[in-house]
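Visitor: take this sequence and fold it.
(chains A and B)
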Amino acid sequence: MALPVYATTGQRIGYYSFLTYCGLVFFFLIAPIFVVLPLSFSSSPFFEFTREFMSFESEAWSIRWYKQMLGICDPDAVITTVCTDKWMRGTVNSFYIGFVSTFLATALGTVAALGLSRPHMPFKGLIMAILISPMIVPLIITAAGMFFFYSKLGLTHSYTGLILAHTALGTPFVVITVTATLTGFDNNLIRASQSLGGDTMRTFFKVIMPLILPGVISGALFAFITSFDEVVVVLFVGSVEQVTIPRQMWAGLRQEISPVILCMATCLVALSIALLTTVELLRRRSERLRGIKNR
Amino acid sequence: MSSETLSGPILTSDGIPLKVSLRKAEKRNKIRAFLLVLPLLAFILITFIIPIGDMLARSVDDRYINTVFPKTFEIYKKWDKQDLPPEEVYETMFFEINAAKGFKIGKASTRMNYSKSGWKSLIKKSQRKFKKIKEGPYKEQMIAIDKRWGDPLYWKALGEMVDPTTMGYYLNSVDLKYDSNKEIIAQPENRRIYNHTWIKTFKVSLLVTLFTLMLGYPIAYLLATLPLKYSNLLMICVLLPFWTSLLVRTVAWMIILQQNGVFNNLMVIAGLIADENRWKLMYNETGTIIVMTQILLPFMVLPLYSVMKTISPSYMKAALNLGASPLHAFWKVYMPNSLPGVSAGGLLVFIIAIGYFITPELVGGKDGQMIGNWIAYHLKTTLNWGLCAALGSVLLFVMLVFYWVYNKIIGVENIKLG
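Guide: All right, here's what the predicted structure looks like:
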């Protein structure tokens, strides 16, 4: 939408104020994310832009909180919050729970999406609604239900419980992305492969998989970030033993107000940029593969 | 089929009618498709649907107290609810309190306390003092230990628990309760919290939906009409918050909105507000609304964008060509075409907003608490799980109604990600 050369002054004013409005909205969307970056290098224990900090005085800038995040304790620091290895343990746990549940969610979700995309699927609408429901039901309700039921099975305060919960939360994303990739999938390719003597497994890995791989990977990334960011279920189903990054950040915000949160936040922003880039590249590749011109 | 009437049914090479053979093949295909879905379906049923069902069951479940006082309740049912219960009710109660172990009686008395506060301390006190009572009649001796045993209100409150199921928690979740004759009445003024919270939850969700629409519609329009190389770049601005951790975004907003935060500092430097009366933007409802609007904005923009992308630009051009002013053309041509996107985005944002818990908890303060926070509070702090489940079930029901509407209008399979 560009302004034609013959636009009147009124139209010009309207157009530019529209652009300004949009600019402000984009600023509203994106600016808060980058507020944390500079503050994570502040030496002050408060979440504030102090005058010294803004005038780039060297004492006001430091990487001490990053050191704390990594569990390196500074013996002669003036203000020391309790030095813990919780952040590092949280990181390890987050990746562990994230990877295992992503793997399970991707495997289950991809196979289910293959079934759902077949032309002869019975009760498709109902089954789809059930499979998507973990994404729709508010997390607090999911957490309450899981807490009640898993405690009967002795799964609360265990990694198994958290992994099962996160797998359930991640599968809708895999199902959605893989079914989206499968729309317009040419079923003749499967017939061709079978007529040439490929058995089910061979057809799957040699014909179907390469074509739906972009969808599978982006679904997996969605599942991973869901698990990685999830805090409500972790709070209620997990225990202090299963501390994850979001849980530690939650504790950091509720109890100790430690600036280490800002360092972790910065790392998480970097991670989300990396994941977003990957997903975008995959989406474009997938559209190219399926011959869909830019929508 | 004319061919059938001419030469009989068409047969396959092995002599089976084609129709039968086709039906068989189709059935096989159906089973095969279903078998592929089965593992995930079973997994979701066990790890997700059954837990939700468990919560629903818990919201009406009142069996526990019946396992602690089975005989007392049996005799209690025969009582005419006049004055005080007969001696034998006291007697069985006495023995059943003595028989119950510490944990069991504690849990039961907590339940009794929900219908009449005072029961818990009465039971606790009685447990200690009952040792003095060696033999019957028990009625007078129990009243001598604590005169609450002689208060008919306490006894009448038990009537609500004799059934294995109760609607009490649901009544409680909308500020009602049973009175001593099991009639439904309103909670006393000072104990009404939930209706207020329900209204607030809907109000906040509606406002957030409205604000995301106001902010999201123009940028979705811009994204849909800009040339692709620009819109792809701007799309990142929408997708990056979507991919960034919820907690990170909440922390960022806490830095911005606090009293000495970025926003207030800038306003003071700009001279727009005085240093001593900085705006209170956090730990109240305003904070909850601002932060939730930013967090949920991508959920509005993405559905709007995908609908707007399908509206051909030539519609607008045609309207302009026919003499409509740009605003008129937009209102009469573009807007109606984009309505499916508005309903999709609006429903999605509303559905997500009513169940929010983390953001109101962190930036909402006392004033910005939503129903999700009360669910968490009863789950972790008061351990009143029946009430927690009832609140959750009502919320779930509201959600499902909107989900159903969403499914009817848009269809779940059309949810797009990125």
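Visitor: residue A:39 contacts residue B:255, doesn't it?
Guide: Yes: with contact defined as C-beta atoms under 8 Å, residue A:39 reaches residue B:255; the gap is 6.4 Å. Heads up, the C-betas are built off the backbone N, CA and C, glycines and all.
Visitor: got the contact list for whichever residue of chain B sits closest to chain A?
Guide: The nearest approach of chain B to chain A comes at residue B:355, 2.2 Å away (C-beta to the nearest C-beta). By C-beta atoms under 8 Å, 6 or more residues apart in numbering or on different chains, residue B:355 lies in contact with A:137-141, B:372, B:395, B:399.
Visitor: between residue A:39 and residue B:255, what contacts are shared?
Guide: Joint contacts of residue A:39 and residue B:255 (C-beta under 8 Å, 6+ apart) are A:47-48.
Visitor: residue 123: neighbouring residues, count only.
Guide: Assuming you mean chain A. 12 (other C-beta atoms under 10 Å in any protein chain shown).
Visitor: meant chain B actually
Guide: Residue neighbour count, defined by other C-beta under 10 Å, stands at 20 for residue B:123.
Visitor: ok, it - contacts?
Guide: So residue B:123 contacts B:97, B:105, B:108-109, B:112 (C-beta under 8 Å, 6+ apart).
Visitor: then residue B:367?
Guide: Contacts of residue B:367 (C-beta under 8 Å, 6+ apart): B:283-285.
Visitor: dump those to a markdown table, plus neighbour count and distance to residue B:197.
Guide: Output for the contacts of residue B:367, formatted as a markdown table (neighbours: other C-beta atoms under 10 Å in any protein chain shown; distance: C-beta to C-beta, whole Å):
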| residue | neighbour count | distance to residue B:197 |
| --- | --- | --- |
| B:283 | 19 | 17 |
| B:284 | 16 | 15 |
| B:285 | 20 | 12 |
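Visitor: let's have the residues you listed in a markdown table, adding distance to chain A and secondary structure.
Guide: Compiled in a markdown table, the contacts of residue B:367 are given as follows (distance: C-beta to the nearest C-beta, whole Å; DSSP: H, G, I helix; E, B strand; the rest coil):
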| residue | distance to chain A | secondary structure |
| --- | --- | --- |
| B:283 | 13 | coil |
| B:284 | 17 | coil |
| B:285 | 19 | helix |
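Visitor: tell me the one of those residues nearest residue A:284?
Guide: Taking C-beta to C-beta as the measure, residue B:285 is the one of these closest to residue A:284, at 41.6 Å.
Visitor: any idea how far residue B:207 is from residue A:169?
Guide: 27 Å (C-beta to C-beta, to the nearest Å).
Visitor: the two: which is more packed in?
Guide: residue A:169 (25 against 16).
Visitor: can I get the helix or strand that contains the more buried one in CSV, CA atoms only?
Guide: Element membership for residue A:169 (DSSP states H and E) is helix A:159-182. Extracted in CSV, the C-alpha atoms of helix A:159-182 (Å, rounded to 0.1, in the frame of the first residue of the first chain):
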residue,chain,number,x,y,z
TYR,A,159,10.9,-35.8,36.3
THR,A,160,8.6,-38.4,34.7
GLY,A,161,5.5,-36.4,35.7
LEU,A,162,6.9,-33.2,34.3
ILE,A,163,8.0,-34.9,31.1
LEU,A,164,4.6,-36.5,30.5
ALA,A,165,2.9,-33.1,31.2
HIS,A,166,5.2,-31.2,28.9
THR,A,167,4.8,-33.8,26.2
ALA,A,168,1.0,-33.4,26.4
LEU,A,169,1.4,-29.7,26.2
GLY,A,170,3.7,-29.8,23.2
THR,A,171,1.9,-32.3,20.9
PRO,A,172,-0.8,-29.9,19.7
PHE,A,173,1.9,-27.7,18.1
VAL,A,174,3.5,-30.7,16.3
VAL,A,175,0.1,-31.9,15.1
ILE,A,176,-0.8,-28.5,13.8
THR,A,177,2.4,-27.8,12.0
VAL,A,178,2.7,-31.3,10.5
THR,A,179,-0.9,-31.4,9.3
ALA,A,180,-0.3,-27.9,7.7
THR,A,181,2.7,-29.3,5.9
LEU,A,182,0.7,-32.3,4.7
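Visitor: could you say what helices and strands that helix packs with?
Guide: With contacts taken as 3 or more C-beta pairs under 8 Å, 6 or more residues apart in numbering or on different chains; DSSP states H and E, helix A:159-182 sits against helix A:86-117, helix A:124-136, helix A:139-153, helix A:209-229, helix A:232-237, helix B:18-44.
Visitor: any idea which helix or strand comes after it?
Guide: For helix A:159-182, the following helix or strand on the C-terminal side (DSSP H and E) is helix A:188-195.
Visitor: what's the distance between the spatially closest residue to residue A:91 that is not a sequence neighbour and residue A:172?
Guide: Distances taken as C-beta to C-beta, 6 or more residues apart in numbering or on different chains place residue A:245 nearest to residue A:91, at 5.9 Å, with adjacent residues excluded. Using C-beta to C-beta, one obtains 22 Å as the distance from residue A:245 to residue A:172.
Visitor: more crowded one of the two?
Guide: Comparing residue A:245 with residue A:172 by neighbour count (other C-beta under 10 Å), the higher total belongs to residue A:245, at 29 against 26.
Visitor: do you know the pLDDT at the nearest residue to residue A:41 once chain neighbours are set aside?
Guide: Counting by C-beta to C-beta, 6+ apart, residue A:61 is the residue found nearest to residue A:41 once chain neighbours are left out, at 5.3 Å. pLDDT, residue A:61: 79.
Visitor: in the helix or strand hosting residue B:223, what counts as buried?
Guide: Assigned by DSSP H and E, residue B:223 belongs to helix B:194-225. For helix B:194-225, burial by neighbour count (16 or more other C-beta atoms under 10 Å in any protein chain shown) applies to B:194, B:197-198, B:200-202, B:204-205, B:207-209, B:211-213, B:215-225.
Visitor: do the same with stretch A:52-72
Guide: For stretch A:52-72, using 16+ other C-beta under 10 Å, the buried residues are A:53, A:60, A:64-69.
Visitor: still on that earlier bit, restrict the buried residues of helix B:194-225 to those near chain A?
Guide: Among those, the residues lying close to chain A (C-beta under 8 Å from any C-beta of the partner chain) are B:215-216, B:218-219, B:222, B:225.
Visitor: CSV for these, including distance to residue B:275 and pLDDT?
Guide: As requested, those are exported to CSV (distance: C-beta to C-beta, whole Å; pLDDT from 0 to 100):
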residue, distance to residue B:275, pLDDT
B:215, 30, 96
B:216, 35, 95
B:218, 35, 94
B:219, 34, 93
B:222, 38, 93
B:225, 44, 88
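Visitor: quick check, nearest of these to residue A:108?
Guide: Nearest member of these to residue A:108, counting by C-beta to C-beta, is residue B:216, at 33.3 Å.
Visitor: tell me the contacts of the closest residue to the closest one other than its chain neighbours?
Guide: Nearest in space to residue B:216, with sequence neighbours left out and distances taken as C-beta to C-beta, 6+ apart, is residue B:300 at 3.8 Å. Residue B:300 makes contact with B:209, B:212-213, B:215-216, B:220, B:345-346, B:348-349 under the criterion C-beta under 8 Å, 6+ apart.
Visitor: just give me the least confident of these.
Guide: residue B:348 (87).
Visitor: now that one: which helix or strand?
Guide: helix B:335-354.
Visitor: next secondary structure after that helix?
Guide: With DSSP H and E, the next secondary element past helix B:335-354 is helix B:358-363.
Visitor: outside of whichever helix or strand comes after that next one, which residues touch it?
Guide: Per DSSP H and E, helix B:358-363 leads on to helix B:371-377 as the next helix or strand towards the C-terminus. With contacts defined as C-beta under 8 Å, 6+ apart, helix B:371-377 is touched by A:138, A:140-141, A:143-144, A:232, A:236, B:193-194, B:197-198, B:201, B:354-357, B:360-361, B:364, B:388, B:391-392, B:395.
Visitor: let me see the mean pLDDT of the helix or strand following helix B:371-377.
Guide: Under the assignment DSSP H and E, the closest C-terminal helix or strand after helix B:371-377 is helix B:385-409. What helix B:385-409 shows for mean pLDDT is 89.
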